[in-house]
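Trainee: next input, structure requested:
(2 chains)
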Amino acid sequence: MTDNKSLALWKRVMMKRSAIGKENALLRATLENMNQGVAMYDADYRLVTWNERFVQYLDMPEEFLGTEKTFYDYIRYLGERGEFGKNADIEAELKKRVAVLDTSHSFERVRPDGTILEVRRDPVPGGGFIAIYTDITARKHAERQLREDEERFRAIDAASPVGLVIAAREDKTILHFNRSFCEIIGCEPNDILGKSAASLFGDPAEGAALAAILGGESGQRSEFRFNRFDSECCAMVSLADLDFHGNKAVCASFVDITDRIRAEEELKQAKEAAESASRVKSAFLANMSHELRTPLNAIIGYSEILVEDANDRGDNASISDLNKIQSAGKHLLGLINDILDLSKIEAGRMDVYLEQIFLSKLVDEVKTIVEPMMGKNNNRLIIDCPAKIGSLRTDLTKLKQNLINLLSNAAKFTKDGEVKLALSRENGEDGVKRIRFTVSDTGIGMTEEQMSKLFQSFTQADSSTTRNFGGTGLGLTITRHFCTMLGGTIDVASKPDHGSTFTMILPDQAAKPATQQPAELRLARRTNGVKSMKILVVDDDPAVHEVLSATLSREGYELLHAHDGDEALKMMRQSQPDIVTLDVMMPKIDGWSLLGIMKSEPSLQNIPVIMLTIVDDRNLGFSLGASEFMTKPIDRTRLVGLIKQFTHTKGATVLVVDDDPDVRLIIRQAIEGVGLVATEAVHGRAALDWLDKNPAPSLVLLDLMMPEIDGFEFLERIRKRKGGHDIPVVVLTAKDLSEKERVFLAERTILVLSKSAQPIGSIGNALAAIAERGAAEKAE
Amino acid sequence: MAKILIVEDNEMNRDMLSRRLARQGFEIAFALDGKQGVEKAESEMPDLILMDMSLPVMNGWEATEKVKSNPATKGIPVIALTAHAMAEDREKCIAAGCNDFDTKPVDLPRLLEKIKTLLAAKAG
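Mentor: Residues are numbered from 1 along each chain as shown, chains lettered A, B, ... in the order given. Predicted coordinates for the structure are as follows:
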């Protein structure tokens, strides 16, 4: 039974009972069980019924319990106790209280021990009243707590520099906001509650943006850019899900990050300015490079001229002074070059240009450059480079600079001693093929301390070094940078008075890809005429294949590779190449024999052949049986030029120069048989006359032994003419050539075919094919 | 006596080169820019052309291409003179049709060697 119900019941009962003044035990139990204090006063305001709790709550003295005293007495007692205040008018207070007794009323009363009672009085019909006392201390306490919590929240909400908004998930209506939110967004507090988030902004785009952000997931952070009083602002918005008064809502915090964004923008601008400045500096460097070198060239150049003049005059005094000027100029030039190189490296603007390099040729060039330096200190230069050292893919200029630098250093710091350059091939642990370059000397050597500072800029071994030994102090720094750029390493080992050894190791194939542009440019030009010609390279030296591959494939030619005569023949029979390059000196079948075999096979006869030999000394090459050749290391320009000639001959005319009419007839028939024009000349002079009057032919077929002007002289003269250089001349001879003759011919002809070695018919076909190809190309 | 055409816009460089080559016994002709270089190649018909690559009016590469495509002058060997020794510049010179190239500052013995080689090849 609820207290109210039991109360109502009790009231009814009590009214009855009090009327007759009797009590019921059951009702007494109810009374005592109640959670409230109860008291009933009759019409005379005497206390006729009460419960224990009533006594406790009011701490009612015994004398007032029962009907002896009245309510008035009790009130007066309270007044005298001082409960209405010190100087209270007790009778007035009594009157006040009594006045309300015939109405229902309630009030709160605080007890001395802090308990708060709610007092409720209801009049009873017939007079008197019932008073119910309820202990509401806990409730009051809870109410106060709640109030305090709310105040705390309000304070935080109001004071927080972070803007807070609670919006309904569904329609983004603002359910709650704080002052900071208004300040951040720049809107009036009045217009916010109940409005949709989007409507807060004049610019619909901004409103939409905010609504979109508020639609995000709990935990999401977004940047919200908006206009506040005509200035660009930005707030960081963080979201959290919230259940707000039963609504699915999102709580969004707004932090003003306008300043931070501005700082980021400024930083970005500063970075761009710095980068722009760096670009300007690079352009400046490039310019300066030219500006610095030009006057220096004049100083060096003119002093050289003056030295020559002085030599002519025998003016020795001047020579010494002039040499000093020149030497200083060269030193300055070296310094400038090094400084500019280093600046470029450190600005990250030093490029690497990779190409395939024939190492023995490089070593020769380096030797030529450093040899003069050896004389100064009476040193001996030793080169140890294996013949089959092969090639390397790297930046030629940088490698050369490194070697020259190391060798000139060695020469500088060695007196009456030896400087040695050694190359070797090796395999690294990772299987990468490498080349080891060792520069060693028997010079003054270095201490551990000197070695430790070796590769740093501007520190030569010690400060007196520049004065005593020359140099810029930058060379090794640059050398080491270059090594790194080429994917290699450099190390030094040395002992004082026992010389030094520098070891540079570079990978066989430098990693960085070459700049694309030059190669592409070239291909574009070539493929106009060439249409992917197939070149079969026959050579037992893998290095030759590498170099030809690297160089010719860039020209747009397709390369096939064979390593000996047998393989070559097999490949040629399978798919006929457009041109074959033959190495003269090969094991099993040498190039010349191979040529013979080719010319005797109908399917191979027509393929043009270029002989290659590794022997630099042409004479030696001849004595071994080679006739026409190009020397290796291959001069690329000349090779390309030669091949060009096969494909760009100007007309379709073949000039046949031979004093034997039968030979001429057979050749003419052969040539006309393949649809070309043959012109005959009986000897050299006739041929020259013909050449004077007609455009150059695609080919000249030349017999050596002729009257009037023989083949040799014809060649001499034709090569002297303007444009005579370009005409392909093939020499047919039955004559056995002397070495001198071979040399002579080799310099002037593409191919020397010995007539006795093959039937005329096949020669004709071979030649016709060469000329025909040129005509065909021209016609397209 | 062989004739060399020097195409160089810088007065000092031109002066130095011509004096030193003249001392070696060459006959010297000048051109001050690329266009003049092409014209003089035809009018003077030198035995060799030394072509500076950075020229006003028409640059060295273009001038070389023009010389090499003119039937009258295509046989004249051209040595490119360039301040840059980079591989790309070598490629560019070869593509333009130069027979050889040398770097500035000029090393006279080296340049003479190249001149002699080209003149010998031309003469046959």
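Trainee: name the SS class of residue A:175, please.
Mentor: Classification of residue A:175 using DSSP: H, G, I helix; E, B strand; the rest coil returns strand.
Trainee: look at it and report its pLDDT.
Mentor: pLDDT for residue A:175: 90.
Trainee: where does the stretch 51-200 of chain A get nearest to chain B, residue-wise?
Mentor: The minimum distance from the stretch 51-200 of chain A to chain B, using Cβ to the nearest Cβ, falls at residue A:184 (58.3 Å). From N, CA and C alone the C-beta is placed, and that goes for glycine too.
Trainee: quick one, what contacts that residue?
Mentor: By Cβ atoms under 8 Å, 6 or more residues apart in numbering or on different chains, the contact set of residue A:184 is A:163, A:228, A:233, A:235, A:254, A:256.
Trainee: by pLDDT, give me the weakest of these.
Mentor: Among these, residue A:228 carries the weakest pLDDT, at 87.
Trainee: give me phi/psi at it?
Mentor: Residue A:228 adopts backbone torsions of phi -130, psi 110, taken as degrees, to the nearest 10.
Trainee: hmm, back to that, need the contacts of residue A:184 in a markdown table (columns: secondary structure and distance to residue A:721).
Mentor: Listed next are the contacts of residue A:184 as a markdown table, based on DSSP: H, G, I helix; E, B strand; the rest coil; distance: Cβ to Cβ, whole Å:
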| residue | secondary structure | distance to residue A:721 |
| --- | --- | --- |
| A:163 | strand | 94 |
| A:228 | strand | 88 |
| A:233 | strand | 84 |
| A:235 | strand | 86 |
| A:254 | strand | 90 |
| A:256 | strand | 88 |
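Trainee: name the nearest of the residues you listed relative to chain B.
Mentor: residue A:233 (52.0 Å).
Trainee: relative to residue A:235, how far out is the residue of the stretch 51-200 of chain A closest to chain B?
Mentor: Between residue A:184 and residue A:235 the distance, using Cβ to Cβ, to the nearest Å, works out to 6 Å.
Trainee: ok, residue A:101 next?
Mentor: Separation of residue A:101 from residue A:235 (Cβ to Cβ) stands at 63 Å.
Trainee: of the two, who's got more company?
Mentor: A direct count of neighbours by other Cβ atoms under 10 Å in any protein chain shown for residue A:101 and residue A:235 places residue A:235 higher, at 25 against 17.
Trainee: so what's that one up against?
Mentor: Going by Cβ under 8 Å, 6+ apart, residue A:235 touches A:163, A:184-185, A:223-224, A:226, A:254-258.
Trainee: could I get these as CSV with secondary structure?
Mentor: Shown next, in CSV, are the contacts of residue A:235 (three-state DSSP):
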residue, secondary structure
A:163, strand
A:184, helix
A:185, helix
A:223, strand
A:224, strand
A:226, strand
A:254, strand
A:255, strand
A:256, strand
A:257, coil
A:258, helix
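Trainee: drop anything exposed from those residues.
Mentor: Buried subset of the contacts of residue A:235 (neighbour count, 16 or more other Cβ atoms under 10 Å in any protein chain shown): A:163, A:184-185, A:224, A:226, A:254-258.
Trainee: longest helix in chain B, please.
Mentor: Looking across chain B with DSSP state H, the single longest helix is helix B:108-123.
Trainee: centre of the chain to that helix, how far?
Mentor: The chain centroid and the centroid of helix B:108-123 are separated by 12 Å under Cα atoms, centre = their mean, to the nearest Å.
Trainee: ok, and for that helix, which residues are buried?
Mentor: Those would be B:108, B:111, B:114-115, B:118, B:122, for helix B:108-123 by 16+ other Cβ under 10 Å.
Trainee: now for those, which pair is the farthest apart?
Mentor: By the measure Cβ to Cβ, B:108 and B:122 form the most distant pair in the buried residues of helix B:108-123, at 20.8 Å.
Trainee: can you name the residues bridging to the closest residue to chain B within the stretch 101-250 of chain A?
Mentor: Closest to chain B within the stretch 101-250 of chain A is residue A:223: 46.8 Å, counting by Cβ to the nearest Cβ. Using DSSP bridges, the beta-bridge partners of residue A:223 come out as residue A:236.
Trainee: repeat for the one 5 residues further on
Mentor: On DSSP bridges, the residues paired with residue A:228 through beta bridges are residue A:231.
Trainee: show me what contacts it?
Mentor: So, once contact is read as Cβ under 8 Å, 6+ apart, residue A:228 ends up touching A:184-186.
Trainee: tell me how far the closest residue to chain B within chain A lies from residue A:337.
Mentor: Distances between chain A and chain B by Cβ to the nearest Cβ are smallest at residue A:719, namely 3.0 Å. Distance, residue A:719 to residue A:337, using Cβ to Cβ: 41 Å.
Trainee: need the helices for chain B, in chain order.
Mentor: For chain B, the helices defined by DSSP H occupy B:11-23, B:34-44, B:60-69, B:87-96, B:108-123.
Trainee: among these, which is nearest residue A:178?
Mentor: helix B:87-96 (66.8 Å).
Trainee: and the spatially most central residue of chain B, what does it touch?
Mentor: The residue lying closest to the centre of chain B (Cα atoms, centre = their mean) is residue B:50, at 1.5 Å. Residues in contact with residue B:50, defined by Cβ under 8 Å, 6+ apart, are B:4-8, B:17, B:79, B:81, B:115.
Trainee: return the set of buried residues in stretch A:107-114.
Mentor: In stretch A:107-114, counting by 16+ other Cβ under 10 Å, buried: nothing.
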